[in-house]
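Enquirer: From the sequence below, what's the structure:
(chains A and B)
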Amino acid sequence: AQSVAQPEDQVNVAEGNPLTVKCTYSVSGNPYLFWYVQYPNRGLQFLLKYITGDNLVKGSYGFEAEFNKSQTSFHLKKPSALVSDSALYFCAVRDDTGRRALTFGSGTRLQVQP
Amino acid sequence: ETGVTQTPRHLVMGMTNKKSLKCEQHLGHNAMYWYKQSAKKPLELMFVYSLEERVENNSVPSRFSPECPNSSHLFLHLHTLQPEDSALYLCASSQVLSGGRFSPDTQYFGPGTRLTVL
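Expert: I've put the predicted structure just below:
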């Protein structure tokens, strides 16, 4: 079985400061890891993914995420937060054993204060 | 239209009604998905269609009936729903690559249909 944990319901950060949104996962095989962002009344928007290779993955809007196999983590980061980054962020995982379903975390609300 | 579109965006229905949700993808993908997003719960996969064949069904009640007539269109037929079925229903699509079901493809989501069952 696969699972994702996002331990923080909400993260607050001041504009211009670095931000981190945490994600840990559990899978049977090797993980495919994804981050999505959801703005109010909108669907999920793809940010970035890790499949294999370099542990640091760069994505849209200046976001990046670091894959850590030993800690089974895939934290989302951005060096300098913008007010417009305020949204709901979801981490998701699939494994490489053939099942197509993405398993999502419960989401973390990011609030960037001006 | 670009990306993944869903209609209607909002739907209110009674428990005895029959309605359908529509999803269309303009990305040339070959797999489509229905997810349910309820308040305070993680997104739940409902159905997966790959090359127009249903390949996954996540123990969804029979009052939800999917239909995938071609690789660009996906429907979710609803009948005799319950108030607890009120949620945001999200459609997604992806391009399954040469690895087949092992392909690490990315799912792209539509804006969702906000369903309220009275």
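
Enquirer: Spell out which parts of chain A neighbour chain B.
Expert: Counting by CB under 8 Å from any CB of the partner chain, the residues of chain A close to chain B are A:4, A:32, A:34, A:36, A:41-46, A:49, A:51, A:90, A:92, A:94, A:96-107. Every residue, glycine included, has its C-beta placed from N, CA and C.

Enquirer: Give me the buried subset of these.
Expert: A:4, A:32, A:34, A:36, A:43-46, A:49, A:90, A:92, A:94, A:96, A:99-107 (16 or more other CB atoms under 10 Å in any protein chain shown).

Enquirer: Now, these that are in strands?
Expert: Using DSSP state E, the subset of those located in strands is A:4, A:32, A:34, A:36, A:44-46, A:49, A:90, A:92, A:94, A:103-104.

Enquirer: Kindly reformat these as TSV and extend each row with pLDDT.
Expert: Below are those laid out as TSV (pLDDT from 0 to 100):
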residue	pLDDT
A:Val4	95
A:Tyr32	93
A:Phe34	96
A:Tyr36	97
A:Leu44	92
A:Gln45	94
A:Phe46	95
A:Lys49	95
A:Phe90	97
A:Ala92	96
A:Arg94	89
A:Thr103	91
A:Phe104	94
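
Enquirer: Can you name the residues of chain B that neighbour chain A?
Expert: With CB under 8 Å from any CB as the criterion, chain B meets chain A at residues B:4, B:6, B:31, B:33, B:40-43, B:45, B:48, B:50, B:55-56, B:58, B:90, B:92, B:96, B:101-102, B:104, B:106-112, B:114.

Enquirer: Write a PyMOL command that selects only the buried members of the residues you listed.
Expert: To isolate the buried subset of these in PyMOL, counting by 16+ other CB under 10 Å, use the following:
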select buried, chain B and resi 4+6+31+33+42+43+45+48+50+55+90+92+96+102+104+106+107+108+109+110+111+112+114
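
Enquirer: check which helix or strand covers the spatially most central residue of chain B.
Expert: The C-alpha lying nearest the average C-alpha coordinate of chain B belongs to B:Trp34 (CA atoms, centre = their mean; 2.4 Å). Assigned by DSSP states H and E, B:Trp34 falls within strand B:31-37.

Enquirer: Equivalent analysis for B:Val12, please.
Expert: Element membership for B:Val12, per DSSP H and E: strand B:10-13.
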